[in-house]
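In: Quick one: sequence plus predicted model below, questions after.
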Amino acid sequence: MSQPSLVTKDLTIRFGGHVAVDRVSCAFRPGELTAIVGPNGAGKTTYFNLISGQLSPTAGRVELLGQDITRFTVSARTHAGLGRAFQLTNLFPRLTVLENVRLVVQARARRGFNLFTMAQSHRDLTEQAAQVLEQVRLTHLADQTVSALSHGDQRKLEVAALIALKPKVFMFDEPTAGMSVEEAPVILDLIAGIKADPEATVLLVEHKMDVIRSLADRIMVLHNGALVADGAPAEVMASDIVQEAYLGKELTDV
């Protein structure tokens, strides 16, 4: 078994008297997509926020590639190899599609942020950005302003930005939220392509059981901030406690 790329050890956060994430310990490995599920308020997004640095834990730690990153800033975690796509798009609406991805490529290369000189001095970065757009099938929209894109295309662009970061760990928080039936499969295909990389570790928060069935190698179930089930999808889905108390009838209805 490969060494874990990401580990959480007794990760905990309290808001006043409320324990939102309660001593969650897990290891995530390359070549594996883990779906994190549970009812609303279970602590899924809070757990994601602790891993990616939006929140600081009350106790416990986060390790990335064997390094303790618990006190790292969000940007430091990004440079260390952790990438996250948000439930709500996090893009530059007044820039073009290509400029958005080019900024990510440039940030990864640590070459500063001057959009007006990049075309001349950083042609290689522009070419890399164009390659990513081709990968996510957005080349035809390269010169389109992001604010003019459909919701589905904005989500594709967000995945493109994440791919451009070349992280070791990819984190997706409900990637198909708000998308039409026609748009969602494109995003799922992109995630499946990332999952196919044996060096990529993928974490996915998702409510849709059909999505989980199609993508997950493993399922973690959180309830009241605690980890209550963790294992192969068939095993977790067959668990009475998960079906009845945590995932409800949706599991068998989908």
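Out: Yep, it's here. Numbering: from 1, shown residues only.
In: middle-most residue in the protein, spatially?
Out: Nearest residue to the geometric centre of the chain (C-alpha atoms, centre = their mean): Met171, 1.8 Å.
In: Correct me if wrong, but that residue is in a strand.
Out: Yes. Secondary structure of Met171 (DSSP: H, G, I helix; E, B strand; the rest coil): part of a strand.
In: Have a look at the protein and report its longest helix.
Out: With secondary structure taken from DSSP state H, the chain has its longest helix at helix 151-165.
In: CA atoms only: put that one into PDB for me.
Out: The C-alpha atoms that make up helix 151-165 are tabulated as PDB, following Å, rounded to 0.1, in the frame of the first residue of the first chain:
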ATOM      1  CA  HIS A 151     -22.600  28.600 -14.600                       C
ATOM      2  CA  GLY A 152     -21.500  25.200 -16.000                       C
ATOM      3  CA  ASP A 153     -18.600  26.800 -17.900                       C
ATOM      4  CA  GLN A 154     -17.500  28.700 -14.800                       C
ATOM      5  CA  ARG A 155     -17.400  25.400 -13.000                       C
ATOM      6  CA  LYS A 156     -15.300  23.900 -15.800                       C
ATOM      7  CA  LEU A 157     -13.000  26.900 -15.600                       C
ATOM      8  CA  GLU A 158     -12.600  26.300 -11.800                       C
ATOM      9  CA  VAL A 159     -11.600  22.700 -12.500                       C
ATOM     10  CA  ALA A 160      -9.200  24.000 -15.100                       C
ATOM     11  CA  ALA A 161      -7.600  26.400 -12.600                       C
ATOM     12  CA  LEU A 162      -7.200  23.500 -10.200                       C
ATOM     13  CA  ILE A 163      -5.600  21.300 -12.800                       C
ATOM     14  CA  ALA A 164      -3.200  24.200 -13.700                       C
ATOM     15  CA  LEU A 165      -2.000  24.200 -10.100                       C
END
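In: Could you list every helix and strand in contact with it?
Out: Applying 3 or more C-beta pairs under 8 Å, 6 or more residues apart in numbering; DSSP states H and E, we find helix 151-165 packed against strand 82-85, helix 97-109, helix 123-135, helix 184-195. In this view, the C-beta of every residue, glycine as well, is placed from N, C-alpha and C.
In: Just list the residues touching Lys44, thanks.
Out: Residues near Lys44 by C-beta atoms under 8 Å, 6 or more residues apart in numbering: Ile36, Val37, Gly38, Val205, Leu222.
In: can you pull out the strands in this structure?
Out: Secondary structure of the chain (DSSP state E): strands located at 6-15, 18-28, 32-37, 59-64, 67-68, 82-85, 169-173, 201-205, 218-223, 226-231.
In: what about Val7, how many neighbours?
Out: Residues lying near Val7 (other C-beta atoms under 10 Å) number 19.
In: How about it, nearest residue that isn't a chain neighbour?
Out: Nearest non-adjacent residue to Val7, counting by C-beta to C-beta, 6 or more residues apart in numbering: Glu63, 4.3 Å away.
In: So what's the residue count around Ala129?
Out: For Ala129, the neighbour count with other C-beta under 10 Å is 26.
In: my bad, should have said Glu182
Out: A count of nearby residues for Glu182, using other C-beta under 10 Å, gives 8.
In: and the residue nearest to it when sequence neighbours are not counted, what does it touch?
Out: The shortest distance from Glu182 to any non-neighbouring residue, by C-beta to C-beta, 6+ apart, is to Gly152 (7.9 Å). Residues near Gly152 by C-beta under 8 Å, 6+ apart: Met179, Ser180, Glu182, Glu183, Ala184, Val186, Ile187.
In: So which of those is surrounded by the most neighbours?
Out: Ile187 (22 neighbours).
In: Now do the residue nearest to Glu182, the pLDDT please.
Out: The model reports Gly152 with a pLDDT of 86.
In: before we move on, back to that, of all the strands of the chain, which lies closest to Val101?
Out: Closest to Val101 of these is strand 82-85 (C-beta to C-beta; 13.3 Å).
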